[in-house]
Every structure is written in C-alpha cells, then in structure tokens.
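# Quick one: sequence plus predicted model below, questions after.
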Amino acid sequence: HARRIFGCLDTIFHFANEWKNLPEKTRKMQNDEKYETLQSQYGNILRTKGFIWVAGQDTFMIGVAQTGRIAAIRPIMPWYTLIPKDQWGVEDPGHLAVINGKFKEPHGDRRQEIVFIGTDLKVDAIRDALDACVLTKKELKHYKFYNDKGYP
C-alpha cells in the first residue's frame with residue numbers, strides 16, 4: 001500500500017528534498033530522531049536498493065534507494081510485461097532468460113526486490129515492517145488492478 005510503504009520509510013530515512021531543509025543540528029546523528037529510530041528498530045542499515053510494486057501504481061516499477069540517512073523513492077521504468085519484447089532493448093539470450101524467468105501469471109514481472117546492506121540488522125523487524133505495508137486480504141479482494149493512469 002503506497003501510504004504505508006512511504007510512511008514506513010519516512011519514519012526512518014530523510015528524503016533528499018527534506019534533507020536540504022533540515023537544520024544543521026538535526027543533520028548530526030546524535031540529534032536525529034529518525035536515525036535513532038532506524039538504529040533501535042532495524043539495526044545499522046547502510047544501504048538499501050531495489051524496486052517495489054506499489055498498489056495504485058501498476059504501470060511503473062518504483063525504485064527504492066538509500067545511502068546513510070538519505071533515501072529516494074521514484075519510478076524507474078514500466079514493468080517489462082507492459083513493453084513489447086521487441087522494444088526491451090535486450091538482445092543477449094542470458095539477459096532475456098533472466099527477465100523472462102521473473103514473469104509469473106497473472107501479473108507478469110511485477111514484484112518486490114529490495115536488498116538491505118548493513119551491520120547488526122534486525123531482519124525480522126525489517127521484514128515485519130515491510131509486510132505491514134502489503135495490502136491485506138480484504139484490501140486485495142477489493143483492489144482494482146491496472147486502474148492507474150500510467151506515470152505516477
């Protein structure tokens with residue numbers, strides 16, 4: 001769910017547009033409540049990268065990138081399932097096999113792939129926080145797939 005994933009990440013990371021407006025004292029780790037929350041709840045996450053399928057944004061894969069205390073979430077590209085194969089720009093049979101291997105019906109290549117790099121990571125807490133962002137069974141039952149207007 002879009003609001004839940006953005007809300008979850010907003011509690012522990014600063015987004016680039018927010019960072020430039022932070023007072024200098026907040027930029028210091030010892031005065032940064034988000035950094036303290038990150039450390040206490042999830043461990044020392046140094047880097048996060050990957051992409052997600054966000055409810056309501058069925059057209060584009062949404063990239064997640066974080067280094068240190070600064071994160072970004074933005075559309076990367078349309079899902080391959082929406083692009084004709086002759087427009088993928090991929091000719092290497094190995095790369096084609098990897099892409100095709102990600103397809104699962106009925107949603108094509110839409111999925112989540114996020115990697116967390118750090119020390120003393122609290123893997124269960126990270127997993128639980130992300131799982132709390134997923135649509136519930138009730139929400140999924142009523143969700144209208146592929147009803148977005150394209151670019152977020």
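Cool, the structure landed.
# Distance check, residue 103 against residue 97.
11 Å (CB to CB, to the nearest Å). In this view, the C-beta of every residue, glycine as well, is placed from N, C-alpha and C.
# which one of the two has more residues nearby?
residue 103 (14 against 9; other CB atoms under 10 Å).
# On the C-terminal side of the helix or strand harbouring residue 7, identify the next helix or strand.
Per DSSP states H and E: residue 7 is located in helix 2-10. Remark: after helix 2-10, the chain's next helix or strand is strand 14-15, criterion DSSP H and E.
# so what strands line up beside that next one?
Strand 14-15 has the following sheet partners, assigned by DSSP bridges: strand 70-78 (parallel).
# and the strand it pairs with with helix 2-10, angle?
Strand 70-78 and helix 2-10 are oriented at 140 degrees to each other (axes from the mean of the first three to the mean of the last three CA atoms, to 10 degrees).
# List the contacts of the helix or strand that strand 70-78 is followed by.
Counting by DSSP H and E, the element after strand 70-78 in chain order, helix or strand, is helix 93-101. Here helix 93-101 makes contact (CB atoms under 8 Å, 6 or more residues apart in numbering) with 80, 88, 90, 109.
# cool, stretch 68-77 as well?
5-6, 9, 13-16, 19, 29, 32, 34-35, 38, 46, 48, 51, 57, 60-66, 151-152.
# for that stretch, which positions count as buried?
By 16 or more other CB atoms under 10 Å, the buried positions in stretch 68-77 come out as 69, 71, 73, 75.
# now swap in stretch 54-73 and tell me
54-55, 57-62, 64-66, 69, 71, 73.
# ok so, going back, so can I have a markdown table of the contacts of helix 93-101 showing neighbour count, pLDDT and distance to residue 138?
Shown next, in a markdown table, are the contacts of helix 93-101 (neighbours: other CB atoms under 10 Å; pLDDT from 0 to 100; distance: CB to CB, whole Å):
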| residue | neighbour count | pLDDT | distance to residue 138 |
| --- | --- | --- | --- |
| 80 | 19 | 95 | 30 |
| 88 | 12 | 93 | 36 |
| 90 | 14 | 92 | 39 |
| 109 | 17 | 95 | 26 |
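# Model confidence for residue 47, exactly?
Here, the pLDDT recorded for residue 47 equals 93.
# contacting residues around it?
Going by CB under 8 Å, 6+ apart, residue 47 touches 66-67, 116-118.
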